[in-house]
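**Q** Fold the following and give me the result.
(2 chains)
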Amino acid sequence: MAAIVRAHGVHKHFGALHVLRGVDLEVAERELVFVIGPSGSGKSTLLRCLNRLEEPSGGRIEVDGIDMLDRRTDINRARQRIGMVFQSFNLYPHMTALGNVALALRKVLKLPRAEADERARAALERVNLADRAGHYPGQLSGGQQQRVAIARAIALEPRVMLFDEPTSALDPELVGGVLQAMRELRESGMTMVVVSHEMGFARAAADRVVFMDHGLVVEEGPPEAVFGAPREERTRAFIRQIDRH
Amino acid sequence: MTWADFTLAFFSLDILRQAWPILLSGLVQTLLLSAMVVPLGLLGGVLLALLSTVRSPWVRWPLMAWVDVFRSLPPLVLLVFVYAGLPFAGLEVSPWGAVAIGFFLNTGAYYGEILRAGIESVPAGQVEAARSTGLSRGQAMAWVVLPQAVRNVLPDLISNTLEVVKLTSIASVVALPELLFQARQAQSVTFNATPIMAAAVAYFVLLWPVVRLLSRLENRQLAGRR
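**A** Numbering: from 1, shown residues only, chains lettered A, B, ... in the order given. Predicted coordinates for the structure are as follows:
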């Protein structure tokens, strides 16, 4: 199986803080990898290093065969292949849902407006929000906003999607719609790396679960193994804690 | 002094009739000046605001000094300095050129500070989202950050523009016959304050709609914050 994401020995310092301490992560094509771990374990930082929103202090990162840390790499082109969804949605409030999705199509892919709009509409269709194309983010619920954010990322037809706690800012009744969109994306064969505490979703959909703590991968394996019979004490303690909620 | 004396000294239709052509030419000059210095100041402001997003101390310190100097200098002094001073450096400038340079420096510094505050009011997540879809730094600034920044500080921008339009009256020190300059000319010839009053009315008619717009915007922003 070809790996789309290869991260090796990734380090990240924030001043004196050593947030990632040599993380290895490989993600195969069409794989859904769930990254879990206590807050401060470095899981979000790892995700943000993969598309270089965060500059790693050391290590190697390759996505779809592109060396992400090579100075000669055109980072803007490389990022077209890596979709990202954020905890706080980060939709552009001054643009409609359609405008949000179409912006990169027009400015990055340089598509003419009509074509960009058509593709943006198709992406909104995929997250079941075609009827909200003309709405501004302020007129949408949190769950709808997050689905627009997913549409914005998948409209560029990325090779891999990164989800950074996509449901943790949502009211519980709105989580379902976002997970449904992610499930459909998964069924379409998208490679996905998901940082999240949605354990039910992880159990049902993940191929592999990676548990991180203190900037290192502590344990990884299929969900039934990591959740059902964790080998490491730290993993056990963490899963006990989140299962209580 | 009677009421009749008062109206004769300040609101004489007869004087107004005589002074009208010269006042009108002044008004046209003021409008032309405004049409020149407001865009120039905005241009300077955008440049300064964009520079302020550069983190390097080699940019930041000179920028801070620049903005501080041109906000501290009285615009009138700055204008005289440009008009009378630059020729000593071998640069002969016309009155219009001097006004353009002076206002670019002074007004640009003010617009720059306003826009900088606007840019800083846009959450970092906006840039991250834009960059994650492959937009360059410049594209993210142009399409995502600046539109939101301008919207967030629109009342301050308009308020500053009102001040700038009124400030164009200092162009009279370099003998540019703008509205107030012409009004004072007319006053000194007629020994009557009516032209000054007429100029005041002209300013009011020109700026009052903008003032109304401004307070509507401010009210809406206050309402939006609730």
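**Q** and the residue nearest to A:M212 when sequence neighbours are not counted, what does it touch?
**A** Leaving out its chain neighbours, the residue that sits closest to A:M212 by CB to CB, 6 or more residues apart in numbering or on different chains is A:G37, at 3.7 Å. Any C-beta I mention is one placed from the backbone N, CA and C, and that applies to glycine too. For A:G37, the contacting residues are A:43, A:211-213, A:218, A:238, by CB atoms under 8 Å, 6 or more residues apart in numbering or on different chains.
**Q** what about 10 Å?
**A** Going by CB atoms under 10 Å, 6 or more residues apart in numbering or on different chains, A:G37 touches A:43-44, A:46, A:195, A:197, A:210-218, A:234-235, A:238.
**Q** What about the residue nearest to B:I101 when sequence neighbours are not counted, how many residues nearby?
**A** What sits nearest to B:I101 in space, not counting adjacent residues and going by CB to CB, 6+ apart, is B:V82, at 5.0 Å. By the measure other CB atoms under 10 Å in any protein chain shown, the count of residues near B:V82 is 23.
**Q** what separates B:V82 from B:P74, distance-wise?
**A** Counting by CB to CB, to the nearest Å, the separation of B:V82 from B:P74 is 13 Å.
**Q** Pull up the overlap in contacts between the two.
**A** Common neighbours of B:V82 and B:P74, counting by CB under 10 Å, 6+ apart, are B:N106.
**Q** so how far is the lowest-mean-pLDDT helix or strand in chain B from its chain's centroid?
**A** Ranked by mean pLDDT, DSSP states H and E, the weakest helix or strand in chain B is helix B:3-10, scoring a mean of 82. Using CA atoms, centre = their mean, to the nearest Å, the distance from the centre of helix B:3-10 to the centre of the chain it belongs to is 34 Å.
**Q** Repeat that for stretch B:179-188.
**A** On CA atoms, centre = their mean, the centre of stretch B:179-188 falls 22 Å from that of its chain.
**Q** Now do that stretch: everything it contacts.
**A** B:15-16, B:18-31, B:33, B:166, B:168-173, B:175, B:177, B:192-200, B:202-203, B:206.
**Q** change it to 8 Å
**A** The contact list for stretch B:179-188, computed with CB under 8 Å, 6+ apart, reads B:15, B:18-19, B:22-23, B:25-27, B:29-30, B:169, B:171-172, B:175, B:177, B:193-196, B:198-199, B:202-203.
**Q** Pull out the buried members of those.
**A** B:15, B:18-19, B:22-23, B:26-27, B:29-30, B:169, B:171-172, B:177, B:193-196, B:198-199, B:202-203 (16 or more other CB atoms under 10 Å in any protein chain shown).
**Q** Tell me which residue lies nearest the centroid of chain B.
**A** Taking CA atoms, centre = their mean as the criterion, B:V164 is the residue nearest the geometric centre of chain B, at 2.3 Å.
**Q** If we ignore the residues flanking it in sequence, what's nearest that residue?
**A** Nearest residue to B:V164, sequence neighbours excluded (CB to CB, 6+ apart): B:T107, at 5.3 Å.
**Q** who does the one helix or strand that neighbour maps to touch, helix- and strand-wise?
**A** Applying DSSP states H and E as the criterion places B:T107 in helix B:95-120. On a contact count with 3 or more CB pairs under 8 Å, 6 or more residues apart in numbering or on different chains; DSSP states H and E, helix B:95-120 meets helix B:13-51, helix B:57-72, helix B:75-80, helix B:146-152, helix B:154-167.
**Q** tell me the mean pLDDT over the third one?
**A** I take that to be helix B:75-80. What helix B:75-80 shows for mean pLDDT is 92.
**Q** ok, now stretch B:217-226?
**A** pLDDT averaged over stretch B:217-226 gives 71.
**Q** tell me the SS of A:P56?
**A** Secondary structure, DSSP: H, G, I helix; E, B strand; the rest coil: A:P56 is coil.
**Q** repeat for A:L156
**A** When classified by three-state DSSP, A:L156 comes out as coil.
**Q** Would you mind measuring from it to chain B?
**A** With distances taken as CB to the nearest CB, to the nearest Å, A:L156 is found 6 Å from chain B.
**Q** Give me the local confidence score for that residue.
**A** 96.
**Q** Roughly how far does it sit from A:R77?
**A** In terms of CB to CB, A:L156 sits 11 Å off from A:R77.
**Q** Now do the shared contacts for these two.
**A** Taking CB under 8 Å, 6+ apart as the criterion, A:L156 and A:R77 both touch B:G134.
**Q** Which one of these two is surrounded by more residues?
**A** Between A:L156 and A:R77, counted using other CB under 10 Å, A:L156 has the larger neighbour count: 22 against 11.
**Q** Number of residues surrounding B:R60?
**A** B:R60: 13 neighbours (other CB under 10 Å).
**Q** Is it correct that it is in contact with B:V54?
**A** Yes. Between B:R60 and B:V54 there is a contact under CB atoms under 8 Å: 7.1 Å.
**Q** pLDDT weak spots in chain B?
**A** The model of chain B has pLDDT under 70 over residues B:1, B:224-226.
**Q** Flag every residue of it that's near chain A.
**A** Neighbours of chain A within chain B, by CB under 8 Å from any CB of the partner chain: B:123, B:125-126, B:128-136, B:139, B:143-144, B:147-148, B:151.
**Q** Restricted to buried residues, select those in ChimeraX.
**A** Buried members of the residues of chain B next to chain A, identified by 16+ other CB under 10 Å, are gathered into one ChimeraX selection as follows:
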select /B:126,128,129,130,131,132,133,134,135,139,143,144,147,148,151
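**Q** Among the residues of chain B next to chain A, name the ones in helices.
**A** B:125-126, B:128-132, B:139, B:147-148, B:151 (DSSP state H).
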